[in-house]
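>>> okay, sequence plus prediction incoming.
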Amino acid sequence: DRTAVRSILRPSAYFGLISMSTFLSYEVPVLILQREVGPFVVVAFTVMRTIFSMCRQFLNAPTQAMGAEITRLFGREEWRELTAVYNYSERLIFSLIPTVNLSVLIISPVLLTIWLHKPALFAVFPYVLMAAISMTLSAKEHKFQFQFSTNTHEELARIMFFSYVTLAIITIPMVQWQGMLGFLYSWLAI
């Protein structure tokens with residue numbers, strides 16, 4: 001039955017838009033930074049992004065672990081229990097987000113010295129902006145998990161895709177104007 005197949009596969013196709021959003025928000029900026037401001041800025045940016053990605057991965061682990069339970073509760077239409085999972089998990093994750101990110105911000109100079117032997121890669125203002133971006137992304141990723149686990153991500157996929165297309169478009173003039181900070185301002189705004 002083609003209609004049934006289409007209705008089953010269509011929501012999954014939106015994961016393609018989400019994957020493209022990841023490419024647009026992580027890889028395209030690196031290409032733009034490389035072209036517009038050069039390799040040193042790309043290295044500094046990717047190291048900074050990697051450090052804060054570790055924060056997000058740490059915070060994302062409990063969120064991912066709840067995925068099966070969210071799906072089960074949604075499928076059984078156990079709304080009270082699903083709401084409880086949402087509320088308690090949000091309290092936990094949202095209390096950890098600033099703690100983890102600000103801790104990493106504070107130890108970043110030491111981490112760069114020990115890990116890469118390059119303390120010169122640390123600059124306060126870009127790292128503060130990246131910490132703010134990381135906090136925002138951590139909150140976003142936690143909220144998105146509920147939509148992914150309940151297969152109600154179609155509108156989210158469209159919003160993400162077009163937001164990151166917009167980010168890619170505004171990144172070029174912002175990077176030309178402000179360098180890496182131009183991209184960080186744009187990313188935080190989007």
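Sure, I can see it. Residues are numbered from 1 along each chain as shown.
>>> number of residues surrounding the closest residue in space to residue 119 that isn't next to it in sequence?
Among residues not flanking residue 119 along the chain, residue 113 sits closest, at 4.5 Å (Cβ to Cβ, 6 or more residues apart in numbering). C-beta here means a position set from N, CA and C on the backbone, and glycine is covered the same way. By other Cβ atoms under 10 Å, the residues close to residue 113 number 14.
>>> so what does residue 113 look like in phi/psi?
The phi/psi pair for residue 113 (degrees, to the nearest 10) reads phi -70, psi -40.
>>> return the set of buried residues in the helix or strand bottoming out on mean pLDDT in the chain.
Lowest on mean pLDDT, DSSP states H and E among the helices and strands of the chain sits helix 2-22, with a mean of 78. Of all the residues in helix 2-22, those buried under the rule 16 or more other Cβ atoms under 10 Å are 14, 17-18, 21.
>>> would you mind measuring from residue 149 to residue 115?
Distance, residue 149 to residue 115, by Cβ to Cβ, to the nearest Å: 34 Å.
>>> show me what the host helix or strand of residue 32 is packed against.
Using DSSP states H and E, the element containing residue 32 is helix 28-36. Counting contacts by 3 or more Cβ pairs under 8 Å, 6 or more residues apart in numbering; DSSP states H and E, helix 28-36 packs against helix 39-65, helix 154-178, helix 180-189.
>>> that helix: which residues count as buried?
Buried residues in helix 28-36 (16+ other Cβ under 10 Å): 28-29, 32-33, 36.
>>> what of stretch 87-104?
89, 93, 96-97, 100-101, 104.
>>> ok, and what's touching it?
51-52, 54-55, 58-59, 62-63, 66, 111, 131, 134-135, 138-139, 142-143 (Cβ atoms under 8 Å, 6 or more residues apart in numbering).
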